[in-house]
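Asks: Predicted model, plus sequence, below.
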Protein chains: 2
Amino acid sequence: MSRPNLQVALDHSDLPSAIKDVVAVGEIVDIVEVGTILCLQAGAEAVRCIRALYPDKKVVADTKCADAGGTVAKNCRESGADWMTVICCATIPTMKAAAKEVEEIQVELYGDWTYEQAQKWLDAGISQAIYHQSRDALLAGETWGDKDLTKVRKLIEMGFRVSVTGGLDIETLKLFKDLDVYTFITGRGITASENPKKAAQDFQAEIKRIWG
Amino acid sequence: MSRPNLQVALDHSDLPSAIKDVVAVGEIVDIVEVGTILCLQAGAEAVRCIRALYPDKKVVADTKCADAGGTVAKNCRESGADWMTVICCATIPTMKAAAKEVEEIQVELYGDWTYEQAQKWLDAGISQAIYHQSRDALLAGETWGDKDLTKVRKLIEMGFRVSVTGGLDIETLKLFKDLDVYTFITGRGITASENPKKAAQDFQAEIKRIWG
C-alpha cells in the first residue's frame, strides 16, 4: 500500500481566518483544499490566494459542482485549482464537461449513491472519489463504522483512489489501516486544534507509522 | 391555478457583468437568483449586492448545498438571501440544518432522485423543489418532454411548490399550461437575449396570458 496523502480543508467563513490558519500548516500537508463554505463566501479570490501561497502543492476547489461543469471547472482552473469536486448526483455530462477543464475531478459521495453509478464514473474516466461522514450526520451522532469501511474498500477495489473525510482525528486513522486510502482530509481536526502545526505533524506521523 | 413567478438566474462568472444585466430586468421579475457560478466566483459579495439592489424582492442563493447546511445557510442569510438551494443528495440532517437558518430552502433535483426521497423532504418540512434540465444535459441534446412534465406533475401532486428551469424560452412555457408551476427560472433566456428587458417583459406577458 502506498502512503496516504494528508489534505487540509479550509472550511472557514471568511478568507482572512482561512489564510491565517493555512500558513501554519500548508507546508506540512500534501494537498490544500478551499472548502465549499469558503468558496461560497470568498469566491475565486480564495482559490487565487491559496494558489499564490502554495505554488507547488495540489490545490482543490471543493465546489461540489452539480451543473455547468465546464464553466465551473474552467473558472476553478483559471483561479489556480488543480482539482475540483463534483457532487455524486451530477449527471455524467456534467462530470465529463468538468473533467475536460481541470487536471482531475473528484466525486463527492453524499446520500444514496450506488455502485452502478460509481461504475459509470469510472467508465467516464473519473477515478477519484471522496467518502464522507457528512458534518451534519456527525452532529446528529453518527460516526465511522464497518458500514463505511466496507464501502471504502469496495470503491478502492473498483479502481477508485478514495479520499475519506468527516470527523477524522489521530485516533480514527488506525480504523483504515488495512485500506489503501488515497487521502485523509481534515479541516477543523487540524485548523481548530490548539496547535494546528503540531496537529498536522501528528497526522503525518501517524500516517507514516501505519502506512510506512 | 395561481400565476407562476418569474425568476432570473444570474449565472455570470463575474459580479460586474451580473450587476449590469440584473439592473435591466430586476424590477420586472419576481425573484432574483444569485446563481451557483456567481456564488463560487464572487462569493457572498454577490448576494450582498443583489440584496442591496432589490430590498423588496425575494433573493435566492443557489448554493446547491450538500453539507454543512447550518453554516452555509447562516452565511447566506447574513448576506441577505431569503432562500437558498440544497442538492437532492444532501442528507436530511443537512437540509434540516439549512432550513433553520433561512426563510425557505429549495431542493435541486439532479440525477437519480426518487419519490421516496421526495416524501422525506416533505416530511422534513421542505416543500419547494426545483426541477431541472441540467445545462450539460441540454448541451448534450436533451430537451423538455413528457417524461419531465410527468415528474413535475407528480411532485406538485405530492405537495411541492415546483420551480422549473433549464433551457426555457417563451415558446417552452406553454408546455406547462396544465401544471400549477410555482416559478419559471431562466438565466441566459433573459440575460443573454438581445434585449433583456423586453425578454423579461415577454416572459411575464406569456405567463399572464397562460395562467391569467
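Replies: Structure received.

Asks: where's A:Ala52, which helix or strand?
Replies: Using DSSP states H and E, A:Ala52 falls within helix A:44-53.

Asks: do the same with A:Val164
Replies: strand A:161-165.

Asks: does any part of that strand sit near chain B?
Replies: No. If you take Cβ under 8 Å from any Cβ of the partner chain as the test, strand A:161-165 misses chain B, and the best it gets is 9.8 Å. Using the backbone N, CA and C atoms, a C-beta is placed for each residue, glycine as well.

Asks: Show me what that strand is packed against.
Replies: The helices and strands touching strand A:161-165, judged by 3 or more Cβ pairs under 8 Å, 6 or more residues apart in numbering or on different chains; DSSP states H and E, are strand A:5-10, strand A:128-132, helix A:146-158, strand A:183-186.

Asks: Least confident secondary structure element in chain A?
Replies: In chain A, no helix or strand scores lower on mean pLDDT, DSSP states H and E than helix A:135-139, which sits at a mean of 66.

Asks: Would you map the helices across chain A?
Replies: All helices of chain A, identified by DSSP state H, fall at A:15-25, A:36-42, A:44-53, A:69-79, A:92-99, A:115-123, A:135-139, A:146-158, A:170-173, A:188-191, A:196-211.

Asks: didn't A:Leu109 look like it was pressed against A:Trp121?
Replies: No. Assessed by Cβ atoms under 8 Å, A:Leu109 is found out of contact with A:Trp121, at 10.1 Å.

Asks: Return every residue with contacts to both of those two.
Replies: A:Ala129 (Cβ atoms under 8 Å, 6 or more residues apart in numbering or on different chains).

Asks: Please give me every residue in contact with the nearest residue to A:Asp11 once chain neighbours are set aside.
Replies: Distance criterion Cβ to Cβ, 6 or more residues apart in numbering or on different chains; nearest residue to A:Asp11, sequence neighbours excluded, is A:Gly35 at 3.6 Å. Contact analysis of A:Gly35 by Cβ under 8 Å, 6+ apart lists A:Ala9, A:Leu10, A:Asp11, A:His12, A:Asp62, A:Gly187.

Asks: Check what pLDDT A:Arg161 gets.
Replies: Looking at A:Arg161, its pLDDT stands at 98.

Asks: Next one: it from A:Gly189, what distance?
Replies: 21 Å (Cβ to Cβ, to the nearest Å).

Asks: how many neighbours does A:Gln201 have?
Replies: 15 (other Cβ atoms under 10 Å in any protein chain shown).

Asks: does the residue sitting nearest the centre point of chain A have beta-bridge partners, and which?
Replies: Most central in chain A under Cα atoms, centre = their mean is A:Ile185, positioned 5.4 Å from the mean C-alpha point. On the basis of DSSP bridges, A:Ile185 is bridged to A:Gln7, A:Thr165.

Asks: Provide a list of residues in contact with it.
Replies: Applying Cβ under 8 Å, 6+ apart to A:Ile185 gives the contacts A:Gln7, A:Val8, A:Ala9, A:Ile31, A:Glu33, A:Ile130, A:Ser163, A:Val164, A:Thr165, A:Leu168.

Asks: what residue ranges in chain A score low on pLDDT?
Replies: Counting by pLDDT under 70, chain A has low-confidence residues at A:134-138.

Asks: is it true that A:Gly69 touches A:Val102?
Replies: No. Counting by Cβ under 8 Å, A:Gly69 stays clear of A:Val102, with 9.7 Å between them.

Asks: higher neighbour count, those two?
Replies: Set A:Gly69 next to A:Val102 and count neighbours by other Cβ under 10 Å: A:Gly69 wins out with 30 against 21.

Asks: Report the contact partners of that one.
Replies: A:Val86, A:Ala90, A:Pro93, A:Thr94, A:Met95, A:Lys96, A:Ala97, A:Ala98, A:Ala99, A:Glu101, B:Asp136.

Asks: let's see 7 Å
Replies: A:Val86, A:Ala90, A:Thr94, A:Met95, A:Ala97, A:Ala98, B:Asp136 (Cβ atoms under 7 Å, 6 or more residues apart in numbering or on different chains).

Asks: Around chain B, which positions in chain A sit nearby?
Replies: A:11, A:13, A:36-37, A:39-44, A:63-64, A:66-69, A:71-72, A:75, A:87-91, A:93-94, A:97, A:108, A:110-111, A:134-137, A:139-140 (Cβ under 7 Å from any Cβ of the partner chain).

Asks: Buried ones among these?
Replies: The neighbour count (16 or more other Cβ atoms under 10 Å in any protein chain shown) marks A:11, A:13, A:36-37, A:39-44, A:63-64, A:66-69, A:71-72, A:75, A:87-91, A:93-94, A:97, A:108, A:110-111, A:134-137 as buried among the residues of chain A next to chain B.

Asks: residues near A:Arg209, how many?
Replies: Using other Cβ under 10 Å, A:Arg209 is surrounded by 11 other residues.

Asks: State the distance from it to A:Val25.
Replies: 19 Å.

Asks: Ok, A:Asp82 next?
Replies: 18 Å.

Asks: Count the neighbours of A:Pro16 for me.
Replies: There are 10 residues near A:Pro16, going by other Cβ under 10 Å.

Asks: How about A:Trp83?
Replies: Other residues close to A:Trp83 by other Cβ under 10 Å number 20.

Asks: can you pull the contacts of it?
Replies: By Cβ under 7 Å, 6+ apart, the neighbours of A:Trp83 are A:Lys58, A:Val60, A:Val102, A:Glu103, A:Glu104, A:Ile105, A:Gln106.

Asks: For it, list each beta-bridge partner.
Replies: Going by DSSP bridges, A:Trp83 forms beta bridges with A:Val60, A:Glu104.

Asks: How far does stretch A:201-212 sit from its chain's centre?
Replies: Chain-centre distance of stretch A:201-212: 18 Å, with Cα atoms, centre = their mean, to the nearest Å.

Asks: Tell me the buried residues in that stretch?
Replies: A:Asp202, A:Phe203, A:Gln204, A:Glu206, A:Ile207, A:Ile210, A:Trp211.
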